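J.: Sequence and predicted structure, then a few things I'm wondering about:
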Amino acid sequence: MITTCGAGGKLEGVTSNSFSSVSLDPPLVLWSLARRAASFETFAKADSFAVSVLGAAQVHLSRQFATPHADKFEGVAFRAGLGGCPLVVGAIAQFECRSHSVVDGGDHAILIGRVLSASVNEGEPLIFADSAYHQPTGLSTWST
Ligand SMILES: Cc1cc2nc3c(=O)[nH]c(=O)nc-3n(C[C@H](O)[C@H](O)[C@H](O)COP(=O)(O)O)c2cc1C
């Protein structure tokens, strides 16, 4: 899930699986956001955004933040991080990013952020694949 805090303190959050690493030096990450998303302007103008990698027990949050709602954070436990961006309690990893650039990506825009802080917690990841959520049942390891 990606979150931000817009001008005036409006909190936004979007379920996203387009998150990816870009660069190690400097540390850059990206995600893409549909231009038609209600939160698009806020994210595109924001100075910062935060990434909360959801755990296996947080499927309800993934559904909640993938559904348009006036206040997606209702009932959600979070703390404010860099720039007031919400960091979701129980996430298995978090990245706090300063907005670096917004790149054209057709009907999406690619938002690139510089990672200023990263943390990892215990827990299994929530998996979304083949249009469905999955519980990890022991992740297979493949030699590279
Ligand atoms: C698993 C999953 C992954 C998603 N990934 C993205 C994504 O990377 N980019 C995007 O724009 N929307 C993505 N969506 C859809 C948004 O979460 C959804 O359209 C959301 O309501 C957009 O926020 P809005 O309320 O600002 O319109 C995803 C939805 C799901 C269920």
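T.: Yep, it's here. Numbering: from 1, shown residues only.
J.: Up against the ligand, what does the protein have?
T.: Contact residues (CB under 6 Å from any ligand atom) of the chain with the ligand: 14-18, 31-34, 37-39, 62, 66-68, 128. All C-beta spots, glycine's among them, are computed from the backbone N, C-alpha and C.
J.: List the ones among those that fall in strands.
T.: Using DSSP state E, the subset of the residues of the chain next to the ligand located in strands is Val14, Trp31, Ser32, Leu33, Ala34, Phe128.
J.: So among those, which ones count as buried?
T.: Val14, Trp31, Ser32, Leu33, Ala34 (16 or more other CB atoms under 10 Å).
J.: any chance you could map the helices in the chain?
T.: For the chain, applying DSSP state H gives helices covering 40-45, 59-64.
J.: could those be laid out in a markdown table, adding mean pLDDT and mean neighbour count?
T.: Formatted as a markdown table, the helices of the chain follow (pLDDT from 0 to 100; neighbours: other CB atoms under 10 Å):
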| stretch | mean pLDDT | mean neighbour count |
| --- | --- | --- |
| helix 40-45 | 98 | 16 |
| helix 59-64 | 97 | 16 |
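J.: can I get those helices in JSON lines with distance to Val120?
T.: Shown next, in JSON lines, are the helices of the chain (distance: least, CB to CB, whole Å):
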{"stretch": "helix 40-45", "distance to Val120": "24"}
{"stretch": "helix 59-64", "distance to Val120": "18"}
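J.: What ranges does this protein have for its strands?
T.: 2-5, 11-14, 20-23, 28-34, 48-53, 78-80, 86-88, 93-105, 108-120, 127-129, 132-134.
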